[in-house]
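Undergrad: Sequence plus predicted model, see below.
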Amino acid sequence: MSWRDIQCGALRPEHVGQRLTVAGWVDTRRDHGGLVFVDLRDHTGKVQLVLKESEGGHELRNEFVVQAVGEVAARAPDAVNPNLATGEVEIQVESLQILSRSTPLPFQIGDDTVEETTRLRYRWLDMRGERMQRNLRMSHAAVAGIRRTMDDLGFVDIWTPAMTRGTPEGARDFLVPVRLQPGRFFALAQSPQLFKQLCMIGGFDRYYQIATCFRDEDLRADRQFEFRQLDLEMAFVEREEVLDVMEAAVVGAFEAVGKSAPARPFPRISYDEAMSKYGSDKPDLRFGMEIEDATAATRGSEFGVFANAPCVRYIVVPKTFSRAEHERLVALTKEWGAKGLALLSQVAKFLSEQELEAFGVPDGSSALCVADEEEVAAHVLGLLRLHLARELDLIPDIDVFHWVFDFPLFEKDDEYGGWTFMHHAFTAPVKGSEVWDPSNPGDVRGQHYDLVWNGWELGSGSIRIHDVDVQERVFKTMGMTDDEAKSKFGFLLDALAMGAPPHGGFAMGIERFVALLAGEPDIRQIVAFPKVSSGTDPLTGAPTPMPDGVLAESGIRALPQEDPAKA
RNA sequence: CCCGGAGUAGCUCAACUGGAAGAGCAACGAACUGUCCAUUCGAAGGAUGCCGGUUCGAAUCCGGCCUCCGGGGCCA
């Protein structure tokens, strides 16, 4: 005997007259004394059970798991429920069995006003609701669509280690102590980057993986400690071929979830344009409000703040600001690193007619100006642009995908004063600039590309270095000695020296992608069991302290921590 | 680490300038044979996140802390 003959949401008039077994959760019950109605729910939907006095319906409570046997009956015309797919039928229960009881619930299933911490603490209940069912199923469908696309395109799914060698550069690693090697640690992989390159050198030509990655950095709406990425790598390719595959994967995912896909090819902008117009390398292109430059026009201004600044930039906002509103924005921009934020109308008295004309602010609008280093002005105005667009509700409900190209290969390292890579150390420089002055590499561009959807960075990729000399030059530019390079990345240098094909690839964050696909504001709605911002799991209570003996076995000892209960 | 917001019954929220902590839903008891998030009646439910201070009197004001959310820093 099976637990059920049919799922709850599948019952239709065609089943009338059949004696069927159904099973599911008690969604609601309406107890009329001699007659009890129960909406029985599973993930496919609900069906109404009708129980007579003798069937034990009074004992049922919300979220009990029950099995019912009965005849499917047509409802009387005036008893049809048009809000239910199964609303034309009901089950006249002959026997009912309670398979599992439930204590009173901390919240009602499907209540979308419940605080997220409570939902996460009782995620198994949250998952019974329509929202998580939809999101996790959509996530599955999107990944299935991606896998299908990759398979069709001849990519080979190769598993790479989660436990690997730590890298001091870039994001912090999660460390794994090793009992057999006391005092030594694996790092959880931040991405399969080097392994997939080795797969190319190993002759696999097209690799992909839905890879789990780990980064020990503060959590955000779009960041968890662990996340998955569509990770792919191709040998003997140019940039365009990689982009083409990625667009195919994105479209494949859209089609798999039944949404109309964005038009290909996706538009492109350069890093320089993104930074100057939008102050961000992942600009939200759903709206304008572009950053403009008034440096030339104010170079000889009598207004010293403008005249003496290395750069004067501004955005024009379709609103006038009160003094209080302006002051609030000033406080915000100072927080972001600006010295101030000038409202053009307030400093207009110091400016000439010509200067004011150069700004060209229409009536009813305001120009908000930052006079500072170019980098600061771009950064601050970029953040302000986003902030005001959200606040003033200027972002249309559309989807914009685009690529960003021509990133610098290196950037200044504020912490150590030297140079470091902008994305990772394995991105190839653009053709023709394979040689540079390691002490001043700021002008070298990399064959790097980012994919952006509505201002979220979905992922990035590059054509990699396949020439061992170029790779050594990159390490050197980062201030690594030959010995250091050899000890950290000797295996890569060896591999590159033994017949490395030209290759390149990409990595796209699955949770970010699905969150946008599902219209969710953060990736916790896409992750079955996410962590909260403090880096803890409210469901299991992890992480937990470990007994000293366990730590000792792994060759480590915990530093004493202040006990918050005593403080 | 920094900035901002929030924390009142199991859940979601009220409580004006400091003046007796309240509602809906859930849970509990009861009535009811056609409801559909049934209805009606009844009873119950609270150290107002924690610690301290001001006050005749604090959910409300002040100080410190905790937790969650958003963001900055950080994050190929």
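TA: Received the coordinates, thanks.
Undergrad: Which pLDDT value belongs to residue A:416?
TA: For residue A:416, the pLDDT comes out at 73.
Undergrad: what ranges do the strands span in the stretch 451-567 of chain A?
TA: Secondary structure of the stretch 451-567 of chain A by DSSP state E, counting those that start in this stretch: the strands cover A:456-463, A:503-509.
Undergrad: In JSON lines, list those strands along with mean neighbour count, mean pLDDT and distance to residue A:223.
TA: Any C-beta I mention is one placed from the backbone N, CA and C, and that applies to glycine too. Below are the strands of the stretch 451-567 of chain A laid out as JSON lines (neighbours: other C-beta atoms under 10 Å; pLDDT from 0 to 100; distance: least, C-beta to C-beta, whole Å):
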{"stretch": "strand A:456-463", "mean neighbour count": "22", "mean pLDDT": "96", "distance to residue A:223": "11"}
{"stretch": "strand A:503-509", "mean neighbour count": "25", "mean pLDDT": "98", "distance to residue A:223": "9"}
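Undergrad: Of those strands, give the one that comes closest to RNA strand B.
TA: strand A:456-463 (5.0 Å; C-beta to the nearest atom of the strand).
Undergrad: Can you redo the strands of the stretch 451-567 of chain A as CSV, where the extra columns are distance to residue A:526?
TA: Formatted as CSV, the strands of the stretch 451-567 of chain A follow (distance: least, C-beta to C-beta, whole Å):
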stretch, distance to residue A:526
strand A:456-463, 13
strand A:503-509, 10
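Undergrad: Dump those strands into TSV; add distance to RNA strand B as well.
TA: Putting the strands of the stretch 451-567 of chain A into TSV (distance: least, C-beta to the nearest atom of the strand, whole Å) gives the following:
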stretch	distance to RNA strand B
strand A:456-463	5
strand A:503-509	7
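Undergrad: Do me a favour and average the pLDDT over the helix ranked longest in chain A.
TA: Longest helix in chain A, counting residues (DSSP state H): helix A:130-152. Taken as a whole, helix A:130-152 has an average pLDDT of 97.
Undergrad: Could you name the helices and strands sitting against the helix or strand that it is followed by?
TA: Helices and strands here follow DSSP states H and E; after helix A:130-152, the next one along the chain is strand A:156-157. When contacts are defined as 3 or more C-beta pairs under 8 Å, 6 or more residues apart in numbering; DSSP states H and E, strand A:156-157 sits against strand A:206-214.
Undergrad: Would you tell me whether stretch A:440-449 gets close to RNA strand B?
TA: No. Stretch A:440-449 stays clear of RNA strand B (C-beta under 7 Å from any atom of the strand), getting no nearer than 8.0 Å.
Undergrad: Could you give me the buried positions within that stretch?
TA: Under the neighbour-count criterion of 16 or more other C-beta atoms under 10 Å, stretch A:440-449 has A:441, A:444-449 buried.
Undergrad: Next up, the contacts around the closest residue to RNA strand B within the stretch 451-567 of chain A.
TA: Using C-beta to the nearest atom of the strand, the closest approach of the stretch 451-567 of chain A to RNA strand B is made by residue A:533 at 2.8 Å. With contacts defined as C-beta atoms under 8 Å, 6 or more residues apart in numbering, residue A:533 is in contact with A:218-220.
Undergrad: Mind doing that once more with 10 Å?
TA: Going by C-beta atoms under 10 Å, 6 or more residues apart in numbering, residue A:533 touches A:218-221, A:223, A:524.
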